[in-house]
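Peer 1: next one to model:
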Amino acid sequence: MPFTLLKTSPHSAARLGLLKTAHGEVPTPIFMPVGTTASVKAVSPRDLQEMNAKIILANTYHLHLRPGTPLIAKMGGIHKFCGWNGPVLTDSGGFQVWSLKELRKIKENGVEFRSHLDGSKHFFSPESVMQAQREIGADIIMAFDECTPFPSTEGQAQKSLDYTKRWTRAAKEWLTQNPPLHGWEQKFFGIIQGGMHQELRLQSIEELKQIEPDGYAIGGLSVGEPEETMYKMASFCTQHIPATHPRYIMGVGTPWNMLELIIRGIDMFDCVMPTRNARNGMLFTSRGILHYKSATHKEEEAPIDEACDCYTCRNFSRAYLRHLIHSGELLALQLSSIHNLHFYLNLMQQTRQKISEGNFEGWAAEQIPLLRTPL
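Peer 2: Numbering: from 1, shown residues only. As a prediction, this is how the structure comes out:
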């Protein structure tokens, strides 16, 4: 098994684990910076190494459109292509295709869609998505799924889940007949769907158990449902996912979302929020949320977060960062993104330490309201 469960908290479902991949070991709980097009926006691989990132995420849909996954294969795989030597996970593109509501048509054997870049027509099948991820060469590859919209009736969610079940089986079958292209093993994660209907989520998990993936991802959350609904559904899923496998919730979330979900047994996270929000003026700190464009920071000598030791906080003031963003300087995007990513990664490091020490839940209960406080 690629995943080793090291410790489970006696006070909650929080746990420590170690996920082994061809390009390194990943301690869990972990946050994965999102490098959609083989690049974490405004942040270099060197920056990621310095902030001790363990694994990054890229997206099959976007890499299929540009530059094309055959080119990445020709270049020796994504690690050589983008200069990142650590583990990589690729999302299958199911969520991106789902979001193209006016540009796609779902069929029994896949999804026909038009590119959001130039309108060209494409078709994703479970087999073609696996081929693309073989060409990319990620350490962890995801099954092609149909993301169930919110809200959805039980009938709508069942129809959507049926697509995902058939496509996951087809993907696993294709992988057994087509070995990796770059000389290293790729771990296969299945995706749990079923909307906000527990009986369908359980049906999805039981189906995946028969397929025997290397890990379980929870999809179709953080798609507009209330936070408490997300927590409830994630908690239900983790009670039924085998404890021997990693549990990854896709596209989540805020710092407090992650702590809440770790309490409920989630191991892995990804989200564009730290970099996207940083570029738009929102920073996460140990004392709450700071909007660095605000005029209140015009003359502030203090760093973004005095408790943070990232490159940005060690060297620059709030006043300087505000000056950069209002001057249209690209450095503002880099420095703010470095801070937010460092904050997320450091939060996960603190979480692992607290679980190890046996006092995670009390610490998290103090952190959650603090982290979401507006400054």
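
Peer 1: phi, psi for F269 please.
Peer 2: phi -140, psi 150 (degrees, to the nearest 10).

Peer 1: and for I218?
Peer 2: Backbone torsions of I218, given as degrees, to the nearest 10, read phi -100, psi 110.

Peer 1: and it, how many residues sit next to it?
Peer 2: For I218, the neighbour count with other Cβ atoms under 10 Å is 29. In this view, the C-beta of every residue, glycine as well, is placed from N, C-alpha and C.

Peer 1: quick check: bridge partners of it?
Peer 2: I218 forms beta bridges with I192, I249, as assigned by DSSP bridges.

Peer 1: for E260, see how far away it is.
Peer 2: The gap separating I218 from E260 is 14 Å, by Cβ to Cβ, to the nearest Å.

Peer 1: likewise for L283?
Peer 2: Using Cβ to Cβ, one gets 21 Å for the distance from L283 to E260.

Peer 1: neighbour count: those two, which is higher?
Peer 2: With neighbours defined as other Cβ under 10 Å, L283 and E260 compare such that L283 has more, 26 against 21.

Peer 1: could I get the average pLDDT for the host helix or strand of the more buried one?
Peer 2: Assessed by DSSP states H and E, L283 sits inside strand 282-285. Per-region confidence: strand 282-285 scores 98 on mean pLDDT.

Peer 1: so which elements touch that strand?
Peer 2: helix 273-279, strand 288-291, helix 330-357 (3 or more Cβ pairs under 8 Å, 6 or more residues apart in numbering; DSSP states H and E).

Peer 1: let's go with 7 Å and repeat that
Peer 2: Counting contacts by 3 or more Cβ pairs under 7 Å, 6 or more residues apart in numbering; DSSP states H and E, strand 282-285 is packed against strand 288-291, helix 330-357.

Peer 1: and whatever helix or strand comes next after the last one with helix 330-357, angle?
Peer 2: Next along the chain after helix 330-357, taking DSSP H and E as the criterion, comes helix 360-371. Computed with axes from the mean of the first three to the mean of the last three Cα atoms, to 10 degrees, the direction of helix 360-371 lies at 150 degrees from that of helix 330-357.

Peer 1: mind giving me the packing neighbours of helix 360-371?
Peer 2: helix 255-263, helix 330-357.

Peer 1: of those, which stretch is the most buried?
Peer 2: helix 255-263 (a mean of 23; mean count of other Cβ atoms under 10 Å).

Peer 1: contacts for the helix or strand encompassing L16 next, please.
Peer 2: Using DSSP H and E, L16 sits in strand 15-21. Strand 15-21 is contacted from outside by 2-9, 25-28, 87, 139-140, 187, 246, 265, 267, 352, 355-356, using Cβ atoms under 7 Å, 6 or more residues apart in numbering.

Peer 1: which stretches of the stretch 1-150 of the chain form strands?
Peer 2: 3-8, 15-21, 24-28, 30-32, 56-59, 88-91, 104-107, 110-114, 121-124, 140-142 (DSSP state E, counting those that start in this stretch).

Peer 1: and among those strands, the most buried is which?
Peer 2: When these are scored by mean count of other Cβ under 10 Å, the highest mean neighbour count falls to strand 140-142 (a mean of 29).

Peer 1: adjacent strands (with direction) for it?
Peer 2: Strands that pair with strand 140-142, judged by DSSP bridges, come out as strand 88-91 (parallel), strand 187-192 (parallel).

Peer 1: which parts of the stretch 51-200 of the chain are helices?
Peer 2: Counting by DSSP state H, counting those that start in this stretch, the stretch 51-200 of the chain has helices at residues 60-65, 69-74, 78-82, 94-99, 126-136, 154-177, 198-211.

Peer 1: what is the rounded mean pLDDT of the fourth one?
Peer 2: Regarding helix 94-99, the rounded mean pLDDT is 74.

Peer 1: break the chain down into its domains, please.
Peer 2: 3-271, 278-371 (automatic domain parsing).

Peer 1: what's the most buried one of those?
Peer 2: Buried most deeply of the domains of the chain, by mean count of other Cβ under 10 Å, is domain 3-271, with a mean of 20.

Peer 1: quick one: end-to-end length of that domain, please.
Peer 2: Domain 3-271 has its terminal residues 22 Å apart, counting by Cα to Cα, to the nearest Å.

Peer 1: and if you look at stretch 247-258?
Peer 2: In stretch 247-258, first residue to last residue: 13 Å (Cα to Cα).
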